Every structure is written in C-alpha cells, then in structure tokens.
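Build the 3D model from these lines:
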Amino acid sequence: MKPGAILACALAACLGNTPGGPPLPGQTGTLDLQLVASGLSSPLYLTAPAGDPRLFIVEQEGRIRIVKNGQLLPTPFLDITGPVGAGGEQGLLSVAFHPGYATNGYIYVDYTDNNGDTRIERYTVGPNPDIADVASAKLILFIPQPYSNHNGGLVMFGPDGMLYIGMGDGGSGGDPENRAQNTDSLLGKLLRIDVDGGDPYAIPASNPFATSGGAPEIWALGLRNPWRFAFDRAAGLLYIADVGQNLWEEVNVAPAGQGGLNYGWRIMEGLHCFNAASCSSTGLVQPVVEYGHGNGCSITGGFVYRGARAPSLVGQYFYSDYCSGWMRSFSYANGAVTGQTTWSLNVSLGNVLSFGEDSAGELYVLSAGGSVYRIAPAP
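This is a model prediction of the structure:
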C-alpha cells in the first residue's frame, strides 16, 4: 500500500503539504514508543487472534510475519507474493482472524492481484501453528478495480461476528464515475458479509440493501478511501478514517450497529462542499474530527485504546498522518468529541503506514522504515 514516498502522494493529492503543521486545539502529552520489531518491508497492518500472544504483521509484498516471544520469526506465516500485485497503493493490505480461529484456523486477507483487482480470500493454518497452508486458498469475494489507487484494504470481524471490508471509490481523482454514491457499486463502501452463513458467504438480513435497492453486501456508503476503520467494542462505536482529496482529512464515528449511513463523498470532503453543483449535507454523516492539508496529506486511522498497560490512555482514539508522522488522539462520548491531544514522541516515526491492536488491546504503530512500535505513556 505504501512503499516509501510513492504512497505519500498516491493516497491524497499531496499538493503543498507542510510537514507537521499546527497542533489541533486541546492538550499536549508525551508518549513512549517501544520498538517491538524492525527490518520489515512496508509493514501495513498488525493484528492477532483472540487470546493469542503472538503478533501478526502484514508486509505489502504479500507476506505475513510473526513476532513470537519478542522475536521476529524468519519464516513467514503466509507467503503469497506470487498472486499479489504490490506497488503504489496495491499489495497485501490486511488480514483478519476468524472469531473461531482457535478451532477452525481460518484467516481472511485482502489483496490486489496482478491485474490490480481486489480479492478477499480465506486461508487455513497448517499443522505448524506458525505457518498457514498456502494451498488452502479459497476465494470469498472478487471486486474489479478501474484504477490502481483507492483500494481501501481493511478486512475486520465486527463485534457481531460479520466480516467488514473497506473499499475505496475505485481511484483516479474526485471519483469521476460517482461510485461512492452509487448503491449498485461495491466501491466507495463499507461492506458486511456473513462468512459462516453461506458458501462463500451469506448476506446479513440487517444489511440496508439485503433484499432490494442496491448491492446487498453494502453496509455504508459515501467513502473515498477508508484505509483504516476500527470498532470500539466497549462503547459500541465504529470509527472510520477516510482519506481526503486535496484539502481535508476526516474521522467519522457512528453506532456500530447502524447500517445504511452515507458518509458524504463525493458530495462533501470533510465538512466542506466538494461537488459545488450539487452540495447538500442533508442526511449525511458529518465527521467528528477533520484537519486540513497544512497539517498533513493522508490520514492513517488507528484504534480506541482498551489495553491494560496504560490506564491513562483508555478510551482515546489514536490516529496519524502518512506525510507528517505526528500522533494525535481524541476522546468521544455522548455524540461529541470531549478532548483532543497532540503527542510528543520519543522517536521520529517518518511515514506512518498503519496502526495495529494485539489480543490484549495494546496499540502499535507501523512505519515505512520497517519498524513496529508499541504505544505507552512516557516513563
């Protein structure tokens, strides 16, 4: 997704960006980033199965690596570099472990193939718990991509046990075919499917277009490039960090169980009109936080901290920007942002590719330099 500087301008227009930029209104704090792995190649995501102390790290070229007992294992958990088309915003973009992974061994990946199209596939772990069976590949969902950018890329199981898939608007710039607002297209959407209810999946009955009116896989629409989204299970909320066009980056928050929401693209960019010929925010979800391109160029969404190592951070949603490499967080309660923090860090992150969460709720940040850090308060 983000090999070096190529992706800096691929995710957003990257015109006239000022590294860093002024802090958001609110307080400041200090975080200690603790190195847990280095020497990785474009690490794009980190996750773990429930109750599993290992860390699984996605590399863009098509590998999933394991950190076990503090060591990066030399043999990949999964290596599908052959079918994966990597470069620019394309590649192996994420992995999700089935909620029943301990018994069924199922993992789900999102990648762009050698033709640039999106494939959601399932693999099964092999006899060695540190190595998946490459031959077990099963195609779950295939989505043609008209351009090479705005692929979305995150697969994640929600608290309802459904598999959610973030899809960008298909690329180019400005969503030229208005796919994000087209309910017959899977592009520019958050999808929701039931991988346990059918082969290869079933449509959840509560999906907004389950029976008519649009593509039944759609859960939400009006997204430009939701590179990362997250569920806060404790609060029952869904956070979507949507990458902007030329001017504005945004974070949206909505009840996790509310389908059919329209996040506004390409009518709006953040809180602002994008399509001046037809601009009305009526019926659209408005972002709870936005920032302009004086502060960065491409939002990298994270997670709400629910770990045990840092009680002072509990309930805060962390995010960054690919170009500027700062770290910020905010708290959200009763439908409003209740506090924002700009953090000073003990290391320079450079280009921030993604965040990750382990099975204990601890948060990690992944940098283009190939390092993975755990977030903790400064000592």
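
contacts and neighbour counts: CA atoms only from here.
Fine.

Would you state the helices of the stretch 151-300 of the chain in chain order?
Here the stretch 151-300 of the chain has no helices by DSSP state H, counting those that start in this stretch.

which residues does the residue nearest in space to the middle of the chain form a beta bridge with?
Taking CA atoms, centre = their mean, the centroid of the chain lies closest to R228, which sits 1.7 Å from it. Beta bridges link R228 to A241, judged by DSSP bridges.

Let me know how buried G51 is, in neighbour terms.
Here the number of neighbours of G51 (other CA atoms under 10 Å) works out to 10.

ok, now T30?
Residues within reach of T30, counting by other CA under 10 Å, total 16.

Secondary structure element holding it?
Using DSSP states H and E, T30 falls within strand 27-37.

swap in T103?
T103 is located in helix 101-104, with elements delineated by DSSP H and E.

next SSE after that helix?
strand 106-112.

coming back round to it: who's in contact with the residue nearest to the centre of the chain?
Contact analysis of R228 by CA atoms under 8 Å, 6 or more residues apart in numbering lists G152, G153, L154, G166, I240, A241, D242, T300, G301, G302, S354.

And T300, by the same measure?
W227, R228, A241, V243, Y319, S320, D321, Y322, V352, L353, S354, F355.

at 6 Å instead, please
Contact analysis of T300 by CA atoms under 6 Å, 6 or more residues apart in numbering lists Y319, S320, D321, S354.

Among these, which are located in strands?
Per DSSP state E, strands hold the following members of those: Y319, S320, D321, S354.

I'd like the residues you listed laid out as TSV, including distance to I107 and neighbour count.
Output for these, formatted as TSV (distance: CA to CA, whole Å; neighbours: other CA atoms under 10 Å):
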residue	distance to I107	neighbour count
Y319	26	24
S320	27	24
D321	28	26
S354	19	26
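
In a markdown table, list those along with pLDDT and distance to S185.
A markdown table is the format used below for the ones in strands among the contacts of T300 (pLDDT from 0 to 100; distance: CA to CA, whole Å):
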| residue | pLDDT | distance to S185 |
| --- | --- | --- |
| Y319 | 98 | 29 |
| S320 | 97 | 29 |
| D321 | 97 | 28 |
| S354 | 98 | 27 |
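
of those residues, closest to S329?
Y319 (6.1 Å; CA to CA).

Confirm for me that that closest one is in contact with G301.
Yes - using CA atoms under 6 Å, Y319 is in contact with G301, at 4.7 Å.

list the residues that contact both of those two?
With contacts taken as CA under 6 Å, 6+ apart, not a single residue reaches both Y319 and G301.
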